Each structure stands twice: as structure tokens, then as C-alpha cells.
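Q: Structure for the following, please:
(2 chains)
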Amino acid sequence: MKPRAIPALACLLLIAVTAHADLLGLQVMNRAERGEYAARAAGSGNRANSGSVQVEHSRAGRVVNSVRATGRVSATARGDRNRVNTASVVLRDSEAGEVANRVEANSIDNRVEGNDNISNIGAVVLDGSRVRRVSFGVRAGSVHGSIRGSGNRLNIGSVHMGGAVGGTVSEQVELDNVSVSVNGDHRDVAVDSVVIE
Amino acid sequence: MMKKGVLTLAILFALGTVSLACARPHEHRVGNTSVIQQTTLVGTFAGNPGAATQQPAPEAEETSTSAGSSDSTMVSATLSNRIERAGDITSLVSDGDHNQANAAAIAITGNSQVSGKVVNRIDTAGNITATVEDGSNNLANAGSVAIRGAVSSGKIMNRVGETGDITAMVSGGDSNQANAASVAIN
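A: Okay, the predicted model is just below:
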């Protein structure tokens, strides 16, 4: 190679790398370790996030949520139209190249009372969003979920896509001692599942 | 020969600059970003907006950066919030409307556009709690990054380690939000 070609090649490489980095767009990373995690909502139209990432109306390159809890992870919603997220990633009307959610907990507990509530634990929810790759892992000793009322949704260790354009979904879920109790109408429960609507 | 090499290099550099300029969104700097040094705050907001009492937490070391709200705020700087060896971190909104309480958090509100690096890092042995009790359109952040507005590019990192319990709770009211050890971009 001629000596003058080296700086030219270096310049070309620099352009490619910087341009690519810019195209990656927003990078979101949330990492929480130890302790107990709880999200509770009562009333109406409220939101509670604990150890979670929630992105709306945005474009992201990479979204990573990593939670390692030595204790219990819990979410509780009481009332109507509440959104409760624990150790979850929720994208609404957004785009992302990659979404990764990794959760390790001793136990997971989720309770919903009322109407039209959505409660997510250790879940990835894509609502009207486009994601190229979803990787997802949940490990928990015991899991308990209960919903009472109508039109409630409970997602545990699941990927839920509503009106979403998704690419590859890979998941690894290890749950022991799962118990779910349901009461009411039009409820939707997903445990260790991929749901596409 | 040397001149040709330099010319080629200059052309390639110019092309690179133009391509980067095209790839990035145009930035119109309307608002400003404030950089302040402060201790950890335990904020309690009750009643009317602005009626706040704040107490410095003991043994807290923090560099906090927040952008105020305005009609349009362009945040392109690096925001860094780091807390070590603090006690319990609590954020509480009790009643009232349109209040905001932040503890160990970075909150950018208003019609914001963020393109820089936002880092919130907390290493504390205490508990982190964000609570909203009644009221409407309130926001409580504890150990979190909360952004309301458009986010175009950059890196947002929230890292919480070595903590006690982490709790986000809304115990009444309407359209409130509580974030604990979370990232919320609305």
C-alpha cells in the first residue's frame, strides 16, 4: 500500500464509525442491583415504575434494563386505568434497534384490583413500536400473580406486542413455583409467553 | 505528490463533516442547561406548587445536574448525577397538582430535546422511595432518570447498586407518576 493511501483509508474508516455511532441514536440503560423492588398504584390513570424502562414517542438505538434483586420484586395496582411496571421494559409508539431485559429475583409478586389496569413484571411490552431485536431473560424462585376486576392485564416474564412491528425475539425464562389466580371478565394473563396482537 | 495527498485528505474530511451534519438533527438552542452542585435532597412537596421543604441528607456526595422547564429546552450537554454513601433517599408528593419531587434523580421536563449523555449513578446502602399521595399530574422520582419531551440521540444511563429496598408508589389521585430506580421517557 502506498504511504499516502494510509491516512485516506483512516479518514474513510473514521467517517464510517462516527456516522454509524450517530445513526445508533439514543441509548438507554437502566441497571439496578440488590434490595427489594416494589411498584404500587392506586387511583386512576396513574403510573408506577420500579426497576423499569419506559420509553414513549422516541427513537432509540439500544434499550437495556438489568435488574438483580436479592429479595422480592412486587407490583400492585388498585383502581382503574393504572399502569404498573416492575423490572420491565415498555415501549409505546417508539422505535428501537435492540431491547434487552434481564431480571433475576428471589420471588415475584403481582396483584391487580379494579378495571382496565395493566401490570407488568419482568416483561417486555411493545405497543405500537418497531424493534429489530428483543432479548429477554427472567430467573425467579417463586412467582405469584392475581387479578380481580374486568379488562385487566397481567404480564409475567412475557413479551407482549400490541400493534408492534417486531424482528427477532429470543427469551429465556426460568420460573419455579408459579401460581396465578384470576377473577373477573375480559382479563388477560400471560406467564412465560410471547403474545402478539 | 504530497499536495495531492493533502488535497485528498482535505476532501475526505470535508465529506465526513457534511455527512455528519446531515445525519444529526438540527439543533436550535432556545433554552439553556444549568449545571449546579448540590447535596442530596429529600424533597417534600405539599399543597401548592413551590411550597417545598428540602433537607440535606447526611454524608451525601453528589453532583447534580438538571434542566429547568421552558417552552422548549435543548439539552446537548453531559448531565451527570452521582451519589455515594448516602442514607435513605425519599421523594414524596402529598396532594396538590402539577408538583414534582426528585431525589437522587435527573429530571428534564418541559418540551425538552436531549442529545447528550445523561448519567445517574447511585451507590447507597439506604432505601429509595418515590411516593405520590393524591392530587393530579404529579411526578415523584427517586434514583431515576425522567425526561418529558423529545429525545433525539445520546446515551441515558441509570445505574443503581448496593441499595436497600426500592419502591415506587401512587396511593391515590389521577394521572400521577412515580419512578424508582427507573428510566422514564415520555
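Q: what about chain A, any weak spots by pLDDT?
A: A:1-25, A:164-166 (pLDDT under 70).
Q: residue ranges for the helices of it, please.
A: Per DSSP state H, chain A carries helices over the ranges A:5-23.
Q: Enumerate every residue touching the residue positioned nearest the centre of it.
A: Centroid-nearest residue in chain A, with C-alpha atoms, centre = their mean: residue A:89, separated by 2.0 Å. Neighbouring residues of residue A:89 by C-beta atoms under 8 Å, 6 or more residues apart in numbering or on different chains: A:52-55, A:63, A:65, A:99, A:101, A:123-125. For glycine as for every other residue, the C-beta is placed from the backbone atoms N, C-alpha and C.
Q: Compare the residues you listed and tell me which is most surrounded.
A: In terms of neighbours by other C-beta atoms under 10 Å in any protein chain shown, these top out with residue A:52 at 33 neighbours.
Q: How many residues are close by the closest residue to that residue other than its chain neighbours?
A: In space, residue A:52 comes closest to residue A:85 once its chain neighbours are excluded; the distance is 4.2 Å by C-beta to C-beta, 6 or more residues apart in numbering or on different chains. Around residue A:85 there are 30 other residues, counting by other C-beta under 10 Å.
Q: Name whatever forms a beta bridge with residue A:85.
A: residue A:49, residue A:120 (DSSP bridges).
Q: my read: it touches residue A:39, true?
A: Yes - in this structure, residue A:85 is within contact of residue A:39 by C-beta atoms under 8 Å, at 6.3 Å.
Q: what touches both of these two?
A: With C-beta under 8 Å, 6+ apart as the test, residue A:85 and residue A:39 both reach A:48-50, A:52, A:75.
Q: how much space between residue A:170 and chain B?
A: As defined by C-beta to the nearest C-beta, to the nearest Å, residue A:170 lies at a distance of 22 Å from chain B.
Q: ok, and the closest non-adjacent residue to that residue?
A: Using C-beta to C-beta, 6+ apart, the closest residue to residue A:170 is residue A:135 (5.1 Å).
Q: give the contact list for the one you found.
A: Residue A:135 makes contact with A:98-101, A:170-171 under the criterion C-beta under 8 Å, 6+ apart.
Q: do residue A:35 as well
A: So residue A:35 contacts A:69-71, B:127, B:163-166 (C-beta under 8 Å, 6+ apart).
Q: quick one on the thing from earlier: which residues does the residue nearest to the centre of chain A bridge with?
A: Residues in beta-bridge contact with residue A:89 (DSSP bridges): residue A:53, residue A:124.
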